[in-house]
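# model this:
(one chain, ligands or ions: 2)
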Amino acid sequence: MSVQLYNTMSRSIETFVPAKEDEVGLYTCGPTVYNYAHIGNLRTFLFEDTLKRVLLQSGFTVNHVMNITDVGHLTGDGDDGEDKLQRMAKEQQQSVWDIADFYTTAFFADFDALNMIRPTIVCKATDHIEQMIDLIKRLEERGHTYTSGGNVYFSIDSIDDYGKLARLDLEGMQNASREDVEVDDHKRNPKDFVLWFTRSKHGDQEMMWPSPWGRGFPGWHIECSAMSMHYLGESFDIHCGGIDAIPVHHTNEIAQSEAATGKEWVKYWLHGEFLLDDTGKMSKSKGEFLTLALLKKHGFEPLDYRYLVLGAHYRSQLRFSFQSLKMAQSARRRIGEAVRSMVNGGAQRTTISSDAALAYRDDFLTHIQHDLNTPQALAVLWSVVKDGTLGADERYTLVLYFDQALGLRLDAIEADEEIPADIMALFDERNRAKAAKDWEKSDALRSELAQKGYVVKDGQSGSSIEKKM
Ligand code: AMP
Ligand code: ZN
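Ligands and ions are numbered 1, 2, ... in the order given. Take a look at the predicted model:
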């Protein structure tokens, strides 16, 4: 069976055929490490993780490169703002390097907690300044750049297909009123963008490097072009990001990469839709934003969020609410309980051979390989969990097979073990407090048990306790 993917470039679903027969070159734009990732950012990384898992499940080897943007990403994505890390460093009175280190570590803690598979290569922008300078030199030699007011610009009029990914109407834009477009007198065309900065309107920049054009720092877009080509070659298979990257970041990456090599750069472009909050697109600039740590504080596990994200197609907007997260949590727990009872019953991995099990597997693959239809794939998982006519071993094997793509850590669920005596003592004490209607004490004991890794459940026939999944 083949994998079908929606390619933003062609605006259609295409059969995925990598350039090398079995090996996929995949580049995903990484985080800008000036703050914690919000759960909207994490939605995009989760979609990319699902893509990678589906490619692996379908038999491909995936060479996955992800960058860390630790310099050059300006507020507003254009050329006019302040470097995001520099601004945070000033605010927190720390070195930019420390800010980058701290938030990179925090990012990977979230990444692991959500059970995302680490990239083959993680590359920091600040470690690849040489490759960026080389690429700018190449563009200069081919006549695609100019220097003005100290900065080096890419001239979009030096190529004839600028904006093809976003299908930008350049003429319409030229004629439209410019109120919303920043004015940079140094630009020949307002859509030109900076490849190398030697001046910042916002005072000193801590991160600066020597270059043929003077001491300075790279533009954000050149980073991704230089690093992806360095590790994946001048043309590769898939490039991903959030949809906000289409009109500027990815548009500029394509312009400069193809101008430098004269070749098609990337074959398949995939973009994840936004996670929305009550006020619209979730973003870090909105002050308090939702992080994985905050969800944990509200009593949720990171994988509850993963389950919630899987419940919506990656190309649909998803509105976040605690209520929907609660539903995701209880659904994930029910699946976990079902798997635990399979394990308790001694279920083993086996070879899938019955017609019914093979039909389930085909059904799952049909959905997940058709542009990552995770909501339908989850529905197949539920059908298998509920289908008592399947043999226990086949049922268990199917669930684990599906989880290769879904990443819910169902393979880590172990048989029930005896609950330790000290935990049982706390549980009994909690039951007594509850019977005496001492709600404060009973809640405090429930929290203490949760901290120790046990969930108390109150049902009609009394309370029960089990290890957290
Ligand atoms: P950043 O760390 O700001 O560079 O963003 C990391 C990724 O998150 C990028 O691919 C963005 O496109 C994506 N992103 C930003 N906001 C959202 C959102 N509200 N929902 C989904 N993805 C987002
Ligand atoms: Zn990028």
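# Can you show me the helices along the stretch 351-469 of the chain?
355-368, 374-386, 392-406, 421-435, 439-451 (DSSP state H, counting those that start in this stretch).
# which SS class is Asn63?
At Asn63 the chain is in strand, as set by DSSP: H, G, I helix; E, B strand; the rest coil.
# wait, what's in contact with it?
23-26, 120-121, 231-232 (Cβ atoms under 8 Å, 6 or more residues apart in numbering). Using the backbone N, CA and C atoms, a C-beta is placed for each residue, glycine as well.
# beta partners for it?
Taking DSSP bridges, one obtains Gly25 as the residues bridged to Asn63.
# ok so, going back, could you identify which of the helices of the stretch 351-469 of the chain is most buried?
The highest mean neighbour count among the helices of the stretch 351-469 of the chain, using mean count of other Cβ atoms under 10 Å, belongs to helix 392-406: a mean of 21.
# want to throw the contacts of Asn63 into a markdown table with distance to ligand 2 and neighbour count?
Below are the contacts of Asn63 laid out as a markdown table (distance: Cβ to the ion, whole Å; neighbours: other Cβ atoms under 10 Å):
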| residue | distance to ligand 2 | neighbour count |
| --- | --- | --- |
| Glu23 | 22 | 12 |
| Val24 | 18 | 24 |
| Gly25 | 15 | 23 |
| Leu26 | 13 | 26 |
| Thr120 | 17 | 16 |
| Ile121 | 15 | 15 |
| Tyr231 | 13 | 20 |
| Leu232 | 13 | 22 |
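# Might one say that Met58 is in contact with Gln369?
In this structure residue 58 is Ser, not Met. Yes: under the criterion of Cβ atoms under 8 Å, Ser58 is in contact with Gln369, at a separation of 6.3 Å.
# Those two - which one has more neighbours?
Gln369 (21 against 16; other Cβ atoms under 10 Å).
# for the stretch 201-350 of the chain, what spans make up the strands?
Ranges of strands in the stretch 201-350 of the chain, per DSSP state E, counting those that start in this stretch, are 217-218, 236-242, 266-272, 275-277, 280-281, 318-319.
# picking up where we left off before, Ala328 is nearest to which of the helices of the stretch 351-469 of the chain?
Of all those, it is helix 374-386 that lies closest to Ala328, at 10.2 Å by Cβ to Cβ.
# how about the residues of this structure near ligand 1?
Contacts of the chain with ligand 1, taken as Cβ under 6 Å from any ligand atom, map to 29, 31-32, 40-41, 43-44, 69, 241-242, 244-245, 272, 274-275, 281-283.
# picking that back up, wait, which of the contacts of Asn63 is closest to ligand 1?
Nearest to ligand 1 among the contacts of Asn63: Leu26, at 13.9 Å, using Cβ to the nearest ligand atom.
# residues contacting that closest one?
Residues near Leu26 by Cβ under 8 Å, 6+ apart: 51-52, 55, 62-65, 236-240.
# Could you rerun that using 10 Å?
18, 48, 51-52, 55, 60, 62-66, 119-120, 228, 232, 236-240, 268, 270 (Cβ atoms under 10 Å, 6 or more residues apart in numbering).
# any idea how far Ala436 is from it?
58 Å (Cβ to Cβ, to the nearest Å).
# Likewise for Ala425?
On the measure of Cβ to Cβ, Ala425 and Ala436 end up 17 Å apart.
# what's across from the residue of the stretch 51-200 of the chain found nearest ligand 1 in the sheet?
As assessed by Cβ to the nearest ligand atom, ligand 1 sits closest to Thr69 within the stretch 51-200 of the chain, at 6.0 Å. Taking DSSP bridges, one obtains Thr32 as the residues bridged to Thr69.
# Pretty sure it sits against Trp220.
Yes: if you go by Cβ atoms under 10 Å, Thr69 and Trp220 touch, sitting 6.5 Å apart.
# that older thread, which of the helices of the stretch 351-469 of the chain sits closest to ligand 2?
helix 374-386 (24.0 Å; Cβ to the ion).
# quick check: angle from that closest one to helix 392-406?
160 degrees (axes from the mean of the first three to the mean of the last three Cα atoms, to 10 degrees).
# counting contacts, what elements does helix 374-386 pack onto?
Where contact means 3 or more Cβ pairs under 10 Å, 6 or more residues apart in numbering; DSSP states H and E, helix 374-386 is packed against helix 39-57, helix 302-310, helix 322-344, helix 355-368, helix 392-406.
# could you dump the last one to CSV, C-alpha only?
Yep, that's helix 392-406 we're talking about. In CSV, the C-alpha atoms belonging to helix 392-406 read as follows (Å, rounded to 0.1, in the frame of the first residue of the first chain):
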residue,chain,number,x,y,z
ALA,A,392,-6.8,-12.2,22.3
ASP,A,393,-3.3,-12.4,20.8
GLU,A,394,-4.3,-11.0,17.4
ARG,A,395,-6.2,-8.2,19.1
TYR,A,396,-3.2,-7.3,21.2
THR,A,397,-0.9,-7.5,18.2
LEU,A,398,-3.1,-5.2,16.2
VAL,A,399,-3.3,-2.6,18.9
LEU,A,400,0.5,-2.5,19.2
TYR,A,401,0.9,-2.3,15.4
PHE,A,402,-1.5,0.6,15.2
ASP,A,403,0.4,2.3,18.0
GLN,A,404,3.6,2.4,15.9
ALA,A,405,1.8,5.2,14.1
LEU,A,406,-0.2,6.7,16.9
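# Give me the domain ranges for this protein.
4-272, 277-412, 421-467 (automatic domain parsing).
# Now the residue in the stretch 1-150 of the chain positioned nearest to ligand 2: closest residue in space that isn't a chain neighbour?
Going by Cβ to the ion, ligand 2 is nearest to Cys29 of the stretch 1-150 of the chain, at 3.2 Å. Of all residues not flanking Cys29 in the chain, Gly241 sits nearest, at 4.2 Å (Cβ to Cβ, 6 or more residues apart in numbering).
# mind checking pLDDT for the one you found?
At Gly241, the model reports a pLDDT of 97.
# With Tyr454 instead?
88.
# who does it bridge with?
Lys467.
# can you check Lys281 too?
Leu276.
# On the pLDDT front, check it for me.
Lys281 is given a pLDDT of 76.
# What is the burial count for it?
Other residues close to Lys281 by other Cβ under 10 Å number 15.
# Report the contact partners of it.
Lys281 is in contact with 40, 242-244, 273-275, 317, counting by Cβ under 10 Å, 6+ apart.
# Name the nearest of those residues relative to ligand 2.
Gly242 (10.2 Å).
# what number of residues lie near the residue nearest to that closest one when sequence neighbours are not counted?
Leaving aside its sequence neighbours, Gly242 sits nearest to Thr44 (Cβ to Cβ, 6+ apart; 4.3 Å). Residues lying near Thr44 (other Cβ under 10 Å) number 26.
# And the one 3 residues further on, by the same measure?
Look at Phe47: counted by other Cβ under 10 Å, it has 26 neighbours.
# so what's it up against?
28, 240-242, 270-273, 309-310, 312-315, 372, 374.
# Whichever residue of the stretch 251-400 of the chain sits closest to ligand 2: what's it in contact with?
Among the residues of the stretch 251-400 of the chain, Glu253 lies closest to ligand 2, at 6.2 Å counting by Cβ to the ion. Contact analysis of Glu253 by Cβ under 10 Å, 6+ apart lists 27, 29, 165, 220-226, 228, 239, 241, 245, 265-266.
# still on that earlier bit, what subset of the residues of the chain next to ligand 1 is buried?
Burial by neighbour count, judged by 16 or more other Cβ atoms under 10 Å, picks out 29, 31-32, 40-41, 43-44, 69, 241-242, 244-245, 272, 274-275, 282 from the residues of the chain next to ligand 1.
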